[in-house]
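Q: what would the 3D arrangement of this be:
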Amino acid sequence: MKRVLSAVTTLLGLLWISAAQAGPWVDTSDIYLRADIQALADAGVITVPVNTYPLMWAGIGRDLSSVEPDVLSPALAEAFARVNFYYHQAIENKGNARIKLAGASDPARFQHFGSDYREKGQVNASYEYLGERFAVKLSGSANYDPQDNKEFRYDDSYFAVVLGNWIASVGTIPQWWGPGFDSALHRSNNARPMPTISLTRNDSHGFETPWLSWIGPWTFTTGLSMMEKERAVPKTLQWQMRASIRPIRQIEMGVSWTTQFCGEGQECDLSSWWKAISGGTSCMYGEANCGPNDQSKIGNQLAGWDIRYADTLFNVPVGVYLERTCEDSSGNMPWDIADCGYLAGVDSRINYEQQQYKIFAEMTNTMVSCTTPGEFSCFYEHVETYHSGSRYYKRALGSTYDSDAKVYVLGIIGQFQNSRGLTSLFRYAQLNKDGKFALFPEWTPYQPQEDLLMWELSYRMPLLKGMLSLGGSVSKSDYIATDDSKTRATVFTTYEYRF
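A: Numbers count the residues shown, from 1 in each chain. The predicted structure follows:
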């Protein structure tokens, strides 16, 4: 009975704010929903891979329908009730409009999963609809003093259609690849989403044939994105692929790969596309002939893998995860990769009566030396052609801290009654640790050598049938080159109303 009452309380709180998660997938906007999904996945309630976003609802819904909530612990029953509510709101959505207002004393310096805001002032309006075979979302925003000078944006707009067990989509859809909550090396929400055509497996449950059933549930997504025109090679194209498997309950593994090709002034046909994806090489410095050590893959490629292991130790849930993303290949085989950045983390979940806390510690290291030892301006860069690197409007497509950084983060995600929640992040970051300029400073953001301590806090609560978030950050920066120190404080608020 206690489990049932707890789940009912959670459901009433959700109904109070009518916070629908519409669309055929879970997006990157809600860190609390992701914490619940991860908790259910760690417990084996959700069996499909959950570390690739957008995360399709189809596989999650199938798992939820086969679970009896009465057999779950009170904390998992509450997480189940929240996720199940959002799932049904999504699949039953026949039209959902929303408006979101955000104001801050300063633009957000870093973006984590589910970040509340990006610019000093934002007004966003959107309408979305989910039918049996297609989904559409129209989203537009006006931005005050934007960092990329784009005052009007159409981010998070899309059209998607179901083709068998696949979803084809076109739009500007935020992505997140990997188990990290604070950052991700290959694809995160640090940069705005690029216009992309993609194809993604819908229901991720595994093969039924005995020959392939050992793989377990699996995901696959691939797509083609167009980058901005304000870069070294305007309108560069990027091909992307991501796959993940869950062979046993405790382990989820993923592999990721992207390559840049085409663009104004570059060869752009099927031959150039094939050279980019098949591992063709060229001389790094433009010579006609060169040795193996001076060769680089055609296009600007990133490849990597990630793994998460989760289990229960002494009745305490524990997760351990690692991501390794690399700049180039050091051998003849595509998987023989080098020049790698790392992300590692450990997390757990603490439960009290009608309170759940996800706690994680995460380390990011993008101090990568690709050529001369001790010179680290390399990660996300491309020497030969694409001097803007793996960035979109000068923000890395992966780590929110860009290259040449070592960062340690302690995070807490708390969830309470009536959809109230708290996110707290303590950061120690060594930015541009070697103190060197970027390889192509006109195309990459300038970052002085800085040691940073930061505490970021956000609290959300339902208000007037909408959701209000309040928060801010306090930071202390020590600039090594000038021996200066600076203390900053920011505040922000957002309000989202759905009708």
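
Q: all contacts plus neighbour counts: C-alpha atoms, from now on.
A: Noted.

Q: surely R488 and G472 touch.
A: No: counting by Cα atoms under 8 Å, R488 stays clear of G472, with 10.5 Å between them.

Q: can you pull the contacts of S183?
A: 111-113, 364, 398-400 (Cα atoms under 8 Å, 6 or more residues apart in numbering).

Q: just Q147 next, same as before
A: By Cα under 8 Å, 6+ apart, Q147 lies in contact with 107, 119.

Q: just to revisit the earlier point, let's have the contacts of S183 in a markdown table, adding pLDDT, neighbour count and secondary structure.
A: Shown next, in a markdown table, are the contacts of S183 (pLDDT from 0 to 100; neighbours: other Cα atoms under 10 Å; DSSP: H, G, I helix; E, B strand; the rest coil):
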| residue | pLDDT | neighbour count | secondary structure |
| --- | --- | --- | --- |
| Q111 | 96 | 19 | coil |
| H112 | 96 | 20 | coil |
| F113 | 96 | 22 | coil |
| T364 | 97 | 26 | strand |
| G398 | 95 | 23 | coil |
| S399 | 96 | 28 | coil |
| T400 | 96 | 23 | coil |
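
Q: related to what we said a few turns ago, out of R488 and G472, which sits in the more crowded spot?
A: Set side by side, R488 and G472 show more neighbours around G472, with 18 against 11, by other Cα atoms under 10 Å.

Q: what about the stretch 251-400 of the chain, any weak spots by pLDDT?
A: Filtered on pLDDT under 70, the stretch 251-400 of the chain yields the residue ranges 279-297, 328-336, 371-375.

Q: can you list contacts of stretch 45-56?
A: 24-28, 37-38, 40-41, 59-60, 63-64, 67, 173-179, 202-205, 217-219, 242, 244-246, 249, 252.

Q: show me the helices in this protein, by range?
A: For the chain, the helices defined by DSSP state H occupy 2-17, 31-42, 57-64, 74-91, 270-278.

Q: columns distance to F314 and mean neighbour count on top of those helices, output as JSON lines?
A: JSON lines is the format used below for the helices of the chain (distance: least, Cα to Cα, whole Å; neighbours: other Cα atoms under 10 Å):
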{"stretch": "helix 2-17", "distance to F314": "22", "mean neighbour count": "17"}
{"stretch": "helix 31-42", "distance to F314": "15", "mean neighbour count": "21"}
{"stretch": "helix 57-64", "distance to F314": "26", "mean neighbour count": "20"}
{"stretch": "helix 74-91", "distance to F314": "17", "mean neighbour count": "21"}
{"stretch": "helix 270-278", "distance to F314": "47", "mean neighbour count": "15"}
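
Q: now do the strands in the stretch 351-499 of the chain.
A: Along the stretch 351-499 of the chain, the segments classed as strands by DSSP state E, counting those that start in this stretch run 355-365, 391-392, 395-396, 405-415, 421-431, 450-463, 466-479, 484-498.

Q: for the first one, packing partners?
A: It stands for strand 355-365. strand 337-352, strand 405-415 (3 or more Cα pairs under 8 Å, 6 or more residues apart in numbering; DSSP states H and E).

Q: now the end-to-end length of stretch 326-345.
A: Using Cα to Cα, to the nearest Å, the end-to-end distance of stretch 326-345 comes out at 18 Å.

Q: make a markdown table from the helices of the chain and add distance to V368 to it.
A: What follows is the helices of the chain, written out as a markdown table (distance: least, Cα to Cα, whole Å):
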| stretch | distance to V368 |
| --- | --- |
| helix 2-17 | 45 |
| helix 31-42 | 29 |
| helix 57-64 | 37 |
| helix 74-91 | 39 |
| helix 270-278 | 23 |
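
Q: which of those helices has the lowest mean pLDDT?
A: Mean pLDDT is lowest for helix 2-17 among the helices of the chain, at a mean of 40.

Q: for the helices and strands packed on strand 355-365, give me TSV that also has distance to K100 and mean neighbour count.
A: Below are the helices and strands packed on strand 355-365 laid out as TSV (distance: least, Cα to Cα, whole Å; neighbours: other Cα under 10 Å):
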stretch	distance to K100	mean neighbour count
strand 337-352	30	19
strand 405-415	22	21
